[in-house]
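>>> how does the following fold in three dimensions:
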Amino acid sequence: MKKGQLGFLTGTHAVNDLYQGAIPAMLPFLMSERHYGYAAVSGLAFAASGVSSLFQPLFGLLSDRKPRSWLVPAGAVTAALGVVAAGLSGTYLLTWVCVALAGIGIAAYHPPATSQARAAGGSSQKAMSIFSVGGTVGGAVAPSLVTLVIGGSGFDASYLLAVPALVMLALWMLKGPWMRWRGHTEAPPLTTGAAGKPAPDAAERTDDWRAFGRLVAVVIGWSVPYVTVTSLVSLHAQRDLGQSEAAGAVVLTSYTAAGAVGTLLGGWVGDRYGRMTSVRVGYLTALPALAGIAWSPWFPLLVVCAALFGAAMFLPFAAQVTLAQDYLPNRPGTASGLTLGLAMAAGGLCSPAFGWLADSSGLPSAFYALIVVFVVPAALAVRLRDRVLPVPGLRSPVPAETADTGAQ
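Residues are numbered from 1 along each chain as shown. Below is the predicted model:
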């Protein structure tokens with residue numbers, strides 16, 4: 001494991017996802033100061049998340065054709081410029097374009113950064129979980145930073161939001177030890193050996209699209225309850241259990257914070273007991289936790305169930321990323337782009353249906369419907385097969401004949 005490189009990439013992930021979290025944090029200020037309506041704000045949210053999710057697989061394809069490590073700083077800086085320009089723009093159309101630009105920058109960052117983090121972490125699931133938590137931390141910091149800058153000084157001070165990206169860019173351009181891979185500034189692709197030469201079994205590293213398709217279906221099924229619970233759980237506490245807005249925030253915070261804990265725990269479980277253990281335990285634990293959210297008659301129980309659900313949902317997160325890259329060893333960027341981008345977008349597009357159900361039949365009905373939907377990815381996740389491939393950078397790769405191809 002290249003700890004210096006992994007640590008630096010984790011920091012860049014925090015910076016990049018800070019701007020991903022800054023956009024929704026800006027929406028209340030845009031509504032109050034520019035008098036945007038709900039439809040206009042929804043359009044900005046789509047410009048950020050929808051555009052980003054659609055472009056991410058394209059950047060994955062680009063990074064697979066040729067190493068483009070410069071997309072890591074370029075993506076984060078583009079995201080920062082988009083957010084700053086959105087704060088300084090005057091018209092809604094220009095604001096929408098700037099937010100879409102930020103989404104494209106966020107999309108450009110993830111595939112090459114995820115591939116580099118995998119190369120830096122080797123076979124360690126904990127390494128990928130640490131990299132993933134960096135993004136969670138950045139997203140968690142974003143609301144406080146936006147409130148401090150825009151809430152304190154108005155949109156005219158939006159340029160201050162670019163500081164984290166500029167610091168990260170300066171560190172990248174210094175080409176310090178944290179960026180070096182055996183004396184080079186480019187990490188070797190996943191299909192090469194320690195000295196940059198093709199691994200002995202590189203020719204036998206075939207892409208298992210069938211297994212990858214099953215994994216994408218699992219991730220889509222994962223994203224539907226994740227996005228929906230994120231949107232509705234605080235409202236559930238307020239409207240069904242009679243709690244205050246502060247109590248609703250406590251539930252949401254517990255849910256998101258537990259996700260970070262679950263990501264780290266999943267990496268540890270994957271290293272100690274195998275990554276498929278973290279996948280199966282995560283889904284099988286998340287299902288009853290989701291039922292607990294739907295049924296909870298008391299607020300403390302809702303908080304416990306929400307925290308358990310958040311931790312369980314992120315227990316398989318790092319394993320799913322590395323498993324996708326092992327299913328498509330010749331296209332790690334594409335694997336990252338599809339699982340982290342397009343699959344998440346598909347899940348997000350399904351979530352409004354549960355909002356309509358909540359409007360017509362109540363929030364508990366929406367949560368019970370989620371349980372029925374979530375049974376499908378949970379059943380598919382239990383049947384996923386592992387695929388063990390030689391670790392990049394190791395001199396003694398695992399023999400190809402011992403690998404499980406995942407086609408069973």
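
>>> distance of residue 357 relative to residue 373?
Here residue 357 is placed at a distance of 11 Å from residue 373 (C-beta to C-beta, to the nearest Å). The C-beta positions use only the backbone N, C-alpha and C, and glycine is treated the same way.

>>> do the same with residue 264
The spacing between residue 264 and residue 373, counted by C-beta to C-beta, is 27 Å.

>>> got it, and residue 244?
On the measure of C-beta to C-beta, residue 244 and residue 373 end up 30 Å apart.

>>> okay, those two: which has more neighbours?
residue 373 (17 against 10; other C-beta atoms under 10 Å).

>>> show the pLDDT at the more buried one.
The per-residue pLDDT reported for residue 373 equals 91.

>>> isn't it right up against residue 221?
Yes: in this structure, residue 373 is within contact of residue 221 by C-beta atoms under 8 Å, at 7.0 Å.

>>> what strand or helix carries residue 230?
Taking DSSP states H and E as the criterion, residue 230 maps to helix 209-239.

>>> so for the following helix or strand past that helix, mean pLDDT?
Where DSSP H and E defines the elements, the next helix or strand beyond helix 209-239 is helix 245-273. Rounded to a whole number, the mean pLDDT of helix 245-273 is 81.

>>> may I see the buried residues of helix 245-273?
By neighbour count on 16 or more other C-beta atoms under 10 Å, the buried set for helix 245-273 is 247-248, 250-256, 258-271.

>>> quick one: the helices in the stretch 51-200 of the chain?
Along the stretch 51-200 of the chain, the segments classed as helices by DSSP state H, counting those that start in this stretch run 51-65, 71-88, 92-121, 125-146, 152-153, 163-174.

>>> for the stretch 1-150 of the chain, which residues score under the pLDDT cut-off?
For the stretch 1-150 of the chain, residues meeting the criterion pLDDT under 70 lie at 1, 38-39, 42, 50, 67, 122-125.

>>> and if we set it to 50?
The model of the stretch 1-150 of the chain has no residue with pLDDT under 50.

>>> which element follows the helix or strand where residue 349 lies toward the C-terminus?
Here residue 349 sits within helix 343-361, counting by DSSP H and E. Helices and strands here follow DSSP H and E; after helix 343-361, the next one along the chain is helix 363-383.

>>> tell me what angle that next one forms with helix 209-239.
150 degrees (axes from the mean of the first three to the mean of the last three C-alpha atoms, to 10 degrees).

>>> output the contacting helices and strands for the host helix or strand of residue 323.
Using DSSP H and E, the element containing residue 323 is helix 317-327. Judged by 3 or more C-beta pairs under 8 Å, 6 or more residues apart in numbering; DSSP states H and E, the packing partners of helix 317-327 are helix 92-121, helix 125-146, helix 209-239, helix 245-273, helix 275-295, helix 332-337.

>>> please identify the deepest-packed of those helices.
Highest mean neighbour count of these: helix 332-337, a mean of 29 (counted as mean count of other C-beta atoms under 10 Å).

>>> ok, the residue lying closest to residue 301 once chain neighbours are set aside to residue 229 distance?
Closest residue to residue 301 apart from its sequence neighbours, by C-beta to C-beta, 6 or more residues apart in numbering: residue 292 at 7.0 Å. According to C-beta to C-beta, residue 292 stands 12 Å off from residue 229.

>>> find residues that contact each of those two.
residue 309 (C-beta atoms under 8 Å, 6 or more residues apart in numbering).

>>> end-to-end on stretch 378-387?
With C-alpha to C-alpha, to the nearest Å as the measure, stretch 378-387 spans 19 Å from end to end.

>>> got the buried residues for it?
378, 380-381, 384-387.

>>> could those residues go into CSV alongside pLDDT and distance to residue 83?
Conversion of the buried residues of stretch 378-387 to CSV gives the following (pLDDT from 0 to 100; distance: C-beta to C-beta, whole Å):
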residue, pLDDT, distance to residue 83
378, 93, 36
380, 93, 37
381, 92, 35
384, 90, 37
385, 88, 41
386, 86, 39
387, 81, 38
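
>>> need the residues you listed in JSON lines (columns: distance to residue 147).
Below are those laid out as JSON lines (distance: C-beta to C-beta, whole Å):
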{"residue": "378", "distance to residue 147": "37"}
{"residue": "380", "distance to residue 147": "40"}
{"residue": "381", "distance to residue 147": "37"}
{"residue": "384", "distance to residue 147": "41"}
{"residue": "385", "distance to residue 147": "46"}
{"residue": "386", "distance to residue 147": "44"}
{"residue": "387", "distance to residue 147": "44"}
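
>>> so where's the stretch 301-408 of the chain uncertain?
For the stretch 301-408 of the chain (pLDDT under 50), the answer is 392-408.

>>> if you set the cut-off to 90 instead, what comes out?
By pLDDT under 90, the low-scoring segments of the stretch 301-408 of the chain are 310, 314, 317-367, 385-408.

>>> which regions of the stretch 151-300 of the chain sit below the pLDDT cut-off?
Across the stretch 151-300 of the chain, the ranges flagged by pLDDT under 90 are 151-154, 171-209, 211, 216, 219-275, 296-297.

>>> the same query, at a cut-off of 70, please.
Across the stretch 151-300 of the chain, residues meeting the criterion (pLDDT under 70) sit at 175-204, 231, 245, 249.

>>> mind splitting the protein into its structural domains?
As given by automatic domain parsing, the domain ranges for the chain are 3-187, 209-388.

>>> and the last one, end to end?
Across its full length, domain 209-388 reaches 16 Å between end residues, using C-alpha to C-alpha.

>>> please state the offset of that domain from the chain centre?
Mean C-alpha position of domain 209-388 versus that of the full chain (C-alpha atoms, centre = their mean, to the nearest Å) differs by 12 Å.

>>> try the first one
For domain 3-187, the distance between its averaged C-alpha position and the chain's averaged C-alpha position is 12 Å (C-alpha atoms, centre = their mean).

>>> and residue 167, how many residues sit next to it?
So residue 167, with other C-beta under 10 Å, has 12 neighbours.

>>> pretty sure residue 142 is touching residue 14, no?
No: Residue 142 lies out of contact with residue 14 (C-beta under 8 Å); the separation is 10.0 Å.

>>> just to revisit the earlier point, pull out the buried positions in the helix holding residue 323.
Buried positions in helix 317-327, judged by neighbour count with 16+ other C-beta under 10 Å: 317-327.

>>> same question for stretch 74-93.
Buried residues in stretch 74-93, counted by 16+ other C-beta under 10 Å: 74-87, 89.

>>> I'm done for today, thanks for sticking with me.
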